[in-house]
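Colleague: Take a look and give me a structure for this.
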Amino acid sequence: MVYLIDASVYIFRAWFSMPPDLRDADGNPTHAVYGFARFIGDLIERRQPRYLGVAFDESHGSGHRHALFPAYKANREPAPPELKRQFALCREFCRLLGVSEYASKEFEADDLIGTLATRVRAEGLRVTLVTRDKDLSQLIGPGDRFWDYSDSAEYAYEEIAARFGVAPERMADYLALTGDAVDNIPGVPGVGPKTAAALMGRYASLDALYDDLDAVAHLPLRGASRLPEKLRQHRDAAYLARSLTRIHCEAPLPVSRTDLQRREPDLRSVGEFCQRHGFGAMLPRQAERIARLAA
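Modeller: Numbering: from 1, shown residues only. Got it, this is the predicted structure:
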């Protein structure tokens, strides 16, 4: 099993939940790094994964989705400089702990995770996605797991539809219909989650839905008689949305299972890192335990 971590979820969680008075000698806040480092260490001790990768977002405003749709994520406030700095430190800590980390100016963390998952599946391995972002559920296949670490909730492929409303294979198309307000992606006006889930429960894809629009009017759905016209009118928007919600699984990452194999922590550098950022002895002691696990 390969564990692939969506780093942003847990860095932002630490940024908002950890006491902000934790700072380095120069007065820079380090609480998000500390919370993320604790999360990574706890996960390793808990599961002892042989293969582990962490994906970070660096494509803010410059990725391929912005080229398709300039308003993509335009509703989000930019991360403050204090948080941006801590993202870089989280990447550094991963390397010191012996964990492979990935980032790209063109591809988002979702795309990197999708690419890594595709590569290791080709080598006969299954994946556990560590995230709470339902968008990533579209990557789950038979034998994989979706692990919402923060809520201690884990879902197999067969349980995704009950959790999120649609099967993994239909998640991108579902989001294309509903839109995604978090990412500023417009969907089809008047098509909410219940209607989209019902449509994706009947049709295998957005293409299949549009190939059979006239039949939609006769489905046992509220407002079904008006649905075909809504869908026709907003067809281009739906297909644009799908190009944004579908995870790209062919990012240029020259990686195989061996690249994701967890390495022994650099204990000296971990200790220096923690001292430099005011973390005390807890994280170095945890790194020592992790090193013994890797031995």
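
Colleague: shaky segments in the stretch 51-200 of the chain?
Modeller: Scanning the stretch 51-200 of the chain with the threshold set as pLDDT under 70 gives 61.

Colleague: could you pull out the helices for it?
Modeller: With helices called from DSSP state H, counting those that start in this stretch, the stretch 51-200 of the chain shows them at 64-68, 81-96, 109-121, 160-164, 171-178, 193-202.

Colleague: for those, which one sits closest to G53?
Modeller: Closest to G53 of the helices of the stretch 51-200 of the chain is helix 109-121 (C-beta to C-beta; 5.4 Å). All C-beta atoms are positioned from the backbone trio N, CA, C, and that covers glycine.

Colleague: Which one of the helices of the stretch 51-200 of the chain lies nearest to E288?
Modeller: Closest approach to E288 among those is made by helix 81-96 (12.9 Å; C-beta to C-beta).

Colleague: Could you measure from I44 over to R50?
Modeller: Between I44 and R50 the computed distance is 11 Å (C-beta to C-beta, to the nearest Å).

Colleague: ok, back up a step: format the helices of the stretch 51-200 of the chain as JSON lines; extra columns: mean neighbour count and distance to G280.
Modeller: Output for these, formatted as JSON lines (neighbours: other C-beta atoms under 10 Å; distance: least, C-beta to C-beta, whole Å):
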{"stretch": "helix 64-68", "mean neighbour count": "15", "distance to G280": "40"}
{"stretch": "helix 81-96", "mean neighbour count": "18", "distance to G280": "15"}
{"stretch": "helix 109-121", "mean neighbour count": "24", "distance to G280": "29"}
{"stretch": "helix 160-164", "mean neighbour count": "17", "distance to G280": "38"}
{"stretch": "helix 171-178", "mean neighbour count": "25", "distance to G280": "42"}
{"stretch": "helix 193-202", "mean neighbour count": "18", "distance to G280": "45"}
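
Colleague: Columns distance to V9 on top of the ones you listed, output as JSON lines?
Modeller: Below are the helices of the stretch 51-200 of the chain laid out as JSON lines (distance: least, C-beta to C-beta, whole Å):
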{"stretch": "helix 64-68", "distance to V9": "18"}
{"stretch": "helix 81-96", "distance to V9": "12"}
{"stretch": "helix 109-121", "distance to V9": "9"}
{"stretch": "helix 160-164", "distance to V9": "16"}
{"stretch": "helix 171-178", "distance to V9": "17"}
{"stretch": "helix 193-202", "distance to V9": "21"}
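
Colleague: Near the nearest residue to A74 once chain neighbours are set aside, how many residues? Count them for me, please.
Modeller: Closest residue to A74 apart from its sequence neighbours, by C-beta to C-beta, 6 or more residues apart in numbering: N184 at 5.3 Å. For N184, the count of nearby residues is 15 (other C-beta atoms under 10 Å).

Colleague: Looks like N184 contacts A71 (just checking).
Modeller: Yes: using C-beta atoms under 8 Å, N184 is in contact with A71, at 5.7 Å.

Colleague: distance of Y149 from S8?
Modeller: Applying C-beta to C-beta to Y149 and S8 gives a distance of 13 Å.

Colleague: Just give me how far the strand or helix carrying K230 sits from the chain centre.
Modeller: Assigning secondary structure by DSSP states H and E places K230 in helix 227-233. In terms of C-alpha atoms, centre = their mean, to the nearest Å, the centre of helix 227-233 is found 32 Å from the chain centre.

Colleague: pLDDT averaged over it, what's the number?
Modeller: Across helix 227-233, the average pLDDT comes to 94.

Colleague: Could you pull up the residues touching the nearest residue to F39 once chain neighbours are set aside?
Modeller: Once flanking residues are discounted, F39 sits nearest to Y10: 4.9 Å by C-beta to C-beta, 6+ apart. Neighbour list for Y10: 35-36, 39, 149-150 [criterion: C-beta atoms under 8 Å, 6 or more residues apart in numbering].
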